[in-house]
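In: structure for the following, please:
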Amino acid sequence: MSATIKDVAREAKVSIATVSRVLNNSAVVTDETRQRVLEAIKKTGYKPNALARSLKIQKTHTIGLIVPDISSTFYPEVVRGIEDIAAMYNYNIFLCNTDQKEEKEVKYIEILGEKQVDGIIFMGDIVRDSVIQTFNEFGVPVVLAGTQDKDKRFPSVMIDNEKAAYDAVKYLISLGRKKIGMISGPMHDPIGGLQRIEGYKRALEEHGIKYDPELVVEGEFKTRKAYLAMLKLLEYKVDAVFAASDDMAAAAINAIFDSNLKVPENIHVVGFDNTYISTIFRPTITTIQQPAYDIGAVSMRLLTKLLAKEPIEEMHVILPHQLIVRESTGFGEEKNSR
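Out: Alright, predicted model coming up:
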């Protein structure tokens, strides 16, 4: 098996980013470190031949995409937006699916660094410290799509998740619903989890409904867990449910039907994302439209500006969301509500 850049870094006792800088003749590397890396390259037999031409021009015209779950109904549309803009600017895409696992996120960032990608678009809700550290080691431009790091150090494109959740729950309240449950994303997730829970809580409190933590059950964006979460909420006799994704809303509706109840006659359901599931499921699902394609397209355009050193008007872009009213809240005809 041929040696990799990681083998060189291990042998020289430096980071992969430092090896990359030596290969690119960066002036920020000390002579001592450069010599140690060159000796490690010789000892391991590492041959960066596949990148020889691109190293000369310092460009590979390749963008790395890190996706948390490609089987989700949401992320493929984000990727499509990225790909369309990437093609306009003659960039190729290197797609990495992490299954929401931290070790895979770090591993793929290292691989993308080894591949000398020009930039990275990171998708997902949680931007862990280990991911930020690995980004910093490689020093390539990074854009966050659909999320934000806690210190807002990286450019980002997303919606206002708190306000979107608020609008969803406010709509349920306007229909006379009093006991509204929520199937949330992971509680440790600051975006799809906590921000949407905060919007749910604010809507209740502003309309005189006491917040009950028992009515918020973690679904973790997984259909099986969402199904079980709905069964638990039924024990509290909820008359409406806000689910933090359309997939979880569909699972909740199945649980309601399996319990010999009906949607929307007995329980109203609102989802989140406006993926194709919300339109083909029966009943069709009232949902918050998160502009997935636009999130991808704007993220890629922002990255091209960073790479070309163009002026950037806004480093943290907030795109508009929209409430799409369908059958799961009692309306057969689709209606848009801003």
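
In: what sits opposite the residue lying closest to Phe272 once chain neighbours are set aside in the beta ladder?
Out: Computed as Cβ to Cβ, 6 or more residues apart in numbering, the closest residue to Phe272 that is not its neighbour in sequence is Ile288, at 4.7 Å. Quick note: C-beta positions are derived from backbone N, CA and C, even for glycine. For Ile288, the beta-bridge partners under DSSP bridges are Phe272, Leu323.

In: OK, contacts around Ile288?
Out: Counting by Cβ atoms under 8 Å, 6 or more residues apart in numbering, Ile288 touches 164-165, 167-168, 270-274, 321-324.

In: give me the pLDDT value at it.
Out: Per-residue pLDDT puts Ile288 at 98.

In: how many neighbouring residues does Lys224 have?
Out: Residue 224: Arg, not Lys. Using other Cβ atoms under 10 Å, Arg224 has 10 neighbouring residues.

In: how near is it to Ile132?
Out: To Ile132, Arg224 is 31 Å away according to Cβ to Cβ, to the nearest Å.

In: equivalent analysis for Asn266, please.
Out: For Asn266, the distance to Ile132 - Cβ to Cβ - is 46 Å.

In: same thing with Gly208?
Out: Gly208 is 41 Å from Ile132, by Cβ to Cβ.

In: those two: which is more packed in?
Out: In this view Gly208 and Ile132 are compared by other Cβ under 10 Å, and Ile132 has more residues nearby, 17 against 7.

In: surely the more buried one is in a helix?
Out: Yes - with DSSP: H, G, I helix; E, B strand; the rest coil as the criterion, Ile132 is part of a helix.

In: and the next helix or strand past the helix or strand hosting Ile66?
Out: Assigned by DSSP states H and E, Ile66 belongs to strand 62-67. Moving toward the C-terminus from strand 62-67, the next helix or strand (DSSP H and E) is helix 75-88.

In: give me the angle between that next one and strand 62-67.
Out: 170 degrees (axes from the mean of the first three to the mean of the last three Cα atoms, to 10 degrees).

In: what's downstream of helix 75-88, the next helix or strand?
Out: From helix 75-88, the next helix or strand downstream (DSSP H and E) is strand 92-97.

In: find the least confident helix or strand in this protein, judged by mean pLDDT.
Out: helix 52-57 (a mean of 45; mean pLDDT, DSSP states H and E).

In: so where is the stretch 51-200 of the chain shaky, pLDDT-wise?
Out: 51-58 (pLDDT under 70).

In: which residue sits closest to the residue nearest in space to the middle of the chain, ignoring its sequence neighbours?
Out: Taking Cα atoms, centre = their mean as the criterion, Gly124 is the residue nearest the geometric centre of the chain, at 2.2 Å. Distances taken as Cβ to Cβ, 6+ apart put Pro68 closest to Gly124, at 3.8 Å, once the chain neighbours are dropped.

In: mind listing what the one you found touches?
Out: 75, 97-100, 123-125.

In: and the gap between it and Ala250?
Out: With Cβ to Cβ as the criterion, Pro68 and Ala250 are 19 Å apart.

In: so in the chain, which helix runs the longest?
Out: helix 292-308 (DSSP state H).

In: what's that helix in contact with?
Out: Contacts of helix 292-308 (Cβ under 8 Å, 6+ apart): 63, 74-75, 77-86, 89, 91, 118-119, 121, 141, 143-146, 155, 157-159, 273, 275, 310-312, 317, 319.

In: mean confidence score for that helix?
Out: Mean predicted confidence for helix 292-308 is 96.

In: before we move on, what about stretch 205-219?
Out: For stretch 205-219, the per-residue pLDDT averages 98.

In: mind starting the numbering at 12 from now?
Out: Will do, 12 is the new start, and the previous item becomes stretch 216-230.

In: what's the burial count for the closest residue in space to Glu216 that isn't next to it in sequence?
Out: Leaving aside its sequence neighbours, Glu216 sits nearest to Tyr222 (Cβ to Cβ, 6+ apart; 6.3 Å). For Tyr222, the neighbour count with other Cβ under 10 Å is 13.

In: quick one: secondary structure of Tyr222?
Out: Assigned by three-state DSSP, the conformation of Tyr222 is coil.

In: secondary structure element holding the nearest residue to Glu231 once chain neighbours are set aside?
Out: Leaving aside its sequence neighbours, Glu231 sits nearest to Pro197 (Cβ to Cβ, 6+ apart; 5.0 Å). Under the criterion DSSP H and E, no helix or strand holds Pro197.

In: in this structure Pro197 contacts Gly204, no?
Out: Yes - look at Pro197 against Gly204 with Cβ atoms under 8 Å: they come within range, at 4.8 Å.

In: domains in this protein, as residue ranges please.
Out: 12-67, 68-170+305-330, 172-301+332-348 (automatic domain parsing).

In: deepest-packed of those domains, please.
Out: domain 172-301+332-348 (a mean of 20; mean count of other Cβ atoms under 10 Å).
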